[in-house]
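Colleague: How does the following fold in three dimensions:
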Amino acid sequence: MKKILLALLSLTVAFSSVCAQDSYETFDGDILKKGDVIKIGILSSKHAPYLYIREIVNKGGKEEFINIRENLAYTDLQVREIIQPEGNSAFGNKNTVIRTYSPKLTKEYLVGIDFAIAKGEIISRYVDHSKDKAVFLSDDLLLAACIRVNEISIDDRIILLFIKLKDWELYNKCSKDEFEFHAVKEEYGRMLKDMAKNFDFTATYYIKNSLEIGKYDFAKNAFPLTYIHDTKMNFHKYGDYEFIVTNPSFGKFLPVAPDEARKSNKRRIGMDKHGYVSTLAYGRIYFKLLDKKMELSKEKFQLFDVEKMYRHKIVGVQLTKIEVYDYQHCDYNLIGSVE
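Modeller: Predicted coordinates for the structure are as follows:
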């Protein structure tokens, strides 16, 4: 890992007892105290370091701060000091910073706490899914389910698509050379046929997808949610597929206590003085897949053939739970859930 050293200037951060404090209210309204444990979020880009987390190293009796390009996602940090800088900090502003320690890595880190939370570099409201028995509906599983319920014939085009989902390098070879495709066609066709035949419809599946969250309803103490993209068809669009939601009234409102809702809005606005509360949110959506060929809604004077347009990419689902986040990884920054 290439490390870029940042020399500590005289006005960078004053680690004096005068500037230290025992607790701090973060920009979104949470209280952070000395001794608390916080978690590092996922590195947003493999081409850039964490913007508001730096490793503290001692070079000849002088502290320096190092950019971190390694993904330290979900690493625990113990809060050792909460400091209000006298001048610009290592992050180029006068916002509060915290000095932390990782027992696992045995290293110290400096965190520009408010900006780090706003950027998702420090986790807020983490949800542990390690014991979650639901199965992620990967693209190959979705293809197999769609073939099963819609009674789709497995032809060369479908097999090539399946190869693309399973092995990108092999797909490139097969799409360029018919002999490469011929050599693996039978194997992958048999694999897909078995997946469709033995698809497990008893399992609970989940996907991660964007949805729309409206303004807080104070009468209901809830945020309104929109995840149906076609109300006539009850479609929830997911990539190239359409889920026909059989219980479309589920999760129309996301119950959240007013105090938590206010904090969520602050996180969605972020630290930009021109920020706003975005309607974009992210859902971890749980459901049961239906082992049946779904009927498509047809109007009397339909201008297009809905069977031809949708049959190859639809599957019926019954929603069981929706977790809503303001961060796309759907593991932290939880707004609320409904089930």
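
Colleague: When you work out contacts or count neighbours from here on, use the C-alpha atoms and nothing else.
Modeller: Fine.

Colleague: quick one: low-confidence ranges for the stretch 1-150 of the chain?
Modeller: Where the stretch 1-150 of the chain drops to pLDDT under 70, the residues are 1-20, 87-88.

Colleague: Surely Tyr282 touches Asp331?
Modeller: No: taking contacts as C-alpha atoms under 8 Å, Tyr282 lies outside contact range of Asp331: 10.3 Å.

Colleague: In terms of neighbours, single out the busier of these two.
Modeller: Between Tyr282 and Asp331, counting by other C-alpha atoms under 10 Å, Tyr282 is the more crowded of the two (22 against 19).

Colleague: helix, strand or coil for that one?
Modeller: strand (DSSP: H, G, I helix; E, B strand; the rest coil).

Colleague: And it, how far from Tyr227?
Modeller: Going from Tyr282 to Tyr227 by C-alpha to C-alpha, to the nearest Å gives 10 Å.

Colleague: who touches both of the two?
Modeller: Common contacts of Tyr282 and Tyr227 (C-alpha atoms under 8 Å, 6 or more residues apart in numbering): Leu211.

Colleague: Leu225 - how many residues pack around it?
Modeller: 19.

Colleague: Tell me what it is bridged to.
Modeller: Ile213 (DSSP bridges).

Colleague: Show me the helices in the protein, by range?
Modeller: Here the chain has its helices, by DSSP state H, at 113-118, 139-150, 156-166, 168-176, 178-197, 258-269, 306-310.

Colleague: can you point me to the longest strand in this structure?
Modeller: When the chain is parsed with DSSP state E, its longest strand is strand 314-325.

Colleague: got the contact list for that strand?
Modeller: Applying C-alpha under 8 Å, 6+ apart, the set of residues contacting strand 314-325 is 145-146, 149-150, 241-247, 250-251, 281-294, 330-339.

Colleague: CA atoms only: put that strand into PDB for me.
Modeller: Output of strand 314-325 as PDB, limited to C-alpha atoms (Å, rounded to 0.1, in the frame of the first residue of the first chain):
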ATOM      1  CA  ILE A 314     -41.200 -11.300 -14.600                       C
ATOM      2  CA  VAL A 315     -41.500 -13.300 -11.400                       C
ATOM      3  CA  GLY A 316     -44.100 -13.000  -8.600                       C
ATOM      4  CA  VAL A 317     -43.000 -12.100  -5.000                       C
ATOM      5  CA  GLN A 318     -44.600 -11.700  -1.600                       C
ATOM      6  CA  LEU A 319     -42.800  -9.100   0.500                       C
ATOM      7  CA  THR A 320     -42.000 -10.000   4.100                       C
ATOM      8  CA  LYS A 321     -39.600  -7.300   5.200                       C
ATOM      9  CA  ILE A 322     -38.000  -4.000   4.100                       C
ATOM     10  CA  GLU A 323     -35.000  -2.400   5.800                       C
ATOM     11  CA  VAL A 324     -34.400   1.100   4.600                       C
ATOM     12  CA  TYR A 325     -31.000   2.800   4.700                       C
END
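
Colleague: Now do it: distance to the chain's middle.
Modeller: Remark: strand 314-325 is offset 16 Å from the chain centroid, using C-alpha atoms, centre = their mean, to the nearest Å.

Colleague: That one pairs with which strands?
Modeller: Here strand 314-325 is paired, per DSSP bridges, with strand 241-245 (parallel), strand 280-289 (antiparallel), strand 334-338 (antiparallel).

Colleague: And the longest one, what's buried?
Modeller: Residues of strand 280-289 classed as buried by neighbour count (16 or more other C-alpha atoms under 10 Å): 281-289.

Colleague: again with stretch 90-98
Modeller: 90-91, 94-98.

Colleague: residues in contact with Ala261?
Modeller: Applying C-alpha under 8 Å, 6+ apart, the residues near Ala261 are 216, 335.

Colleague: Could you rerun that using 10 Å?
Modeller: Going by C-alpha atoms under 10 Å, 6 or more residues apart in numbering, Ala261 touches 215-216, 221-223, 255, 267, 335-336.

Colleague: Out of these, the closest to Ile82 would be?
Modeller: Within the contacts of Ala261, distances to Ile82 taken as C-alpha to C-alpha reach their minimum at Arg267, with 20.5 Å.

Colleague: measure the closest one to Ile42 for me?
Modeller: In terms of C-alpha to C-alpha, Arg267 sits 17 Å off from Ile42.

Colleague: Pick out whichever of these two has more residues nearby.
Modeller: It is Arg267, of Arg267 and Ile42, that has more neighbours when counted by other C-alpha under 10 Å, with 25 against 18.

Colleague: Pretty sure the more buried one sits against Asp28.
Modeller: Yes: using C-alpha atoms under 10 Å, Arg267 is in contact with Asp28, at 5.8 Å.

Colleague: what touches both of these two?
Modeller: Common contacts of Arg267 and Asp28 (C-alpha under 10 Å, 6+ apart): 114, 117-118, 124.

Colleague: Including neighbour count, could these go into CSV?
Modeller: Output for the shared contacts of Arg267 and Asp28, formatted as CSV (neighbours: other C-alpha atoms under 10 Å):
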residue, neighbour count
Asp114, 22
Ile117, 23
Ala118, 21
Ser124, 23
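
Colleague: Using JSON lines, lay out the residues you listed together with distance to Ser138.
Modeller: Formatted as JSON lines, these follow (distance: C-alpha to C-alpha, whole Å):
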{"residue": "Asp114", "distance to Ser138": "35"}
{"residue": "Ile117", "distance to Ser138": "30"}
{"residue": "Ala118", "distance to Ser138": "30"}
{"residue": "Ser124", "distance to Ser138": "27"}
